[in-house]
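Enquirer: coords please:
(2 chains)
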Amino acid sequence: NAGVTQTPKFQVLKTGQSMTLQCAQDMNHNSMYWYRQDPGMGLRLIYYSASEGTTDKGEVPNGYNVSRLNKREFSLRLESAAPSQTSVYFCASSEAIGGRQYFGPGTRLTVL
Amino acid sequence: GENVGLHLPTLSVQEGDNSIINCAYSNSASDYFIWYKQESGKGPQFIIDIRSNMDKRQGQRVTVLLNKTVKHLSLQIAATQPGDSAVYFCAGMFSGGYNKLIFGAGTRLAVHP
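Expert: Residues are numbered from 1 along each chain as shown, chains lettered A, B, ... in the order given. The predicted structure is shown next:
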């Protein structure tokens, strides 16, 4: 049981480049989330998916898009990366919206 | 709006002592609180949770206390060990709007031998 997995672990982009962060969970959870974590701050919610087929904005959605590909997978896309998006990105899942969230190991993204 | 914050950014304790990490919140319409532990380079790891209809919950070496009157919760770690060194986050789930976890900024716990 791998839990929540994320790829890649590290990524360096140039300003304006695009990329997709991948997340998968094998716990049969309905809800999935994307957070960003900046130095000295707690996690901030970017987007979430309460159930397969639905996605909603969180606190800081600007500059990002998401796709809930199926029940297991939830991807985060940066269409045109900016230095302000340099951060550590965490994916999480929970059995249902409002429940305990389990986190992946994170993707450290640097935008130059 | 909702806000969750920790009182101290860092806490240093001696190995074997008890640790107490505090957290305050501003919204009374709270349903659920979680404490997470985050080690360097890793994702947050669930420690313990508590629902708003409880005052206290105990786990293995950890206890969470919730005081709804003063909107405060604390995480107590008994017999702190070097492996407890990490950043600890409290997070609250508030009713109304969408069900999202609001995270505090974190307290770094340093355990000295």
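
Enquirer: Not counting sequence-adjacent ones, nearest residue to the residue in chain B positioned nearest to chain A?
Expert: The nearest approach of chain B to chain A comes at residue B:103, 3.1 Å away (C-beta to the nearest C-beta). Any C-beta I mention is one placed from the backbone N, CA and C, and that applies to glycine too. Of all residues not flanking residue B:103 in the chain, residue A:42 sits nearest, at 3.1 Å (C-beta to C-beta, 6 or more residues apart in numbering or on different chains).

Enquirer: isn't the residue of chain B closest to chain A right next to residue A:101, touching?
Expert: No - checked against C-beta atoms under 8 Å, the pair residue B:103 and residue A:101 is beyond contact range at 10.5 Å.

Enquirer: Between those two, which has more neighbouring residues?
Expert: residue A:101 (26 against 23; other C-beta atoms under 10 Å in any protein chain shown).

Enquirer: looking at it, the more buried one is touching residue A:90, isn't it?
Expert: No - between residue A:101 and residue A:90 there is no contact under C-beta under 8 Å: 9.6 Å.

Enquirer: Return the set of buried residues in stretch A:23-43.
Expert: A:23-25, A:29-37, A:42-43 (16 or more other C-beta atoms under 10 Å in any protein chain shown).

Enquirer: Throw those residues into JSON lines and include pLDDT and secondary structure, thanks.
Expert: Listed next are those as JSON lines, based on pLDDT from 0 to 100; DSSP: H, G, I helix; E, B strand; the rest coil:
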{"residue": "A:23", "pLDDT": "98", "secondary structure": "strand"}
{"residue": "A:24", "pLDDT": "98", "secondary structure": "strand"}
{"residue": "A:25", "pLDDT": "98", "secondary structure": "strand"}
{"residue": "A:29", "pLDDT": "96", "secondary structure": "coil"}
{"residue": "A:30", "pLDDT": "95", "secondary structure": "coil"}
{"residue": "A:31", "pLDDT": "94", "secondary structure": "strand"}
{"residue": "A:32", "pLDDT": "96", "secondary structure": "strand"}
{"residue": "A:33", "pLDDT": "96", "secondary structure": "strand"}
{"residue": "A:34", "pLDDT": "97", "secondary structure": "strand"}
{"residue": "A:35", "pLDDT": "96", "secondary structure": "strand"}
{"residue": "A:36", "pLDDT": "97", "secondary structure": "strand"}
{"residue": "A:37", "pLDDT": "95", "secondary structure": "strand"}
{"residue": "A:42", "pLDDT": "80", "secondary structure": "coil"}
{"residue": "A:43", "pLDDT": "90", "secondary structure": "strand"}
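
Enquirer: and which of those is nearest chain B?
Expert: Nearest to chain B among the buried residues of stretch A:23-43, with distances taken as C-beta to the nearest C-beta, is residue A:42, at 3.1 Å.

Enquirer: Check what pLDDT the residue nearest to residue A:52 when sequence neighbours are not counted gets.
Expert: Computed as C-beta to C-beta, 6+ apart, the closest residue to residue A:52 that is not its neighbour in sequence is residue A:71, at 4.7 Å. The model reports residue A:71 with a pLDDT of 96.
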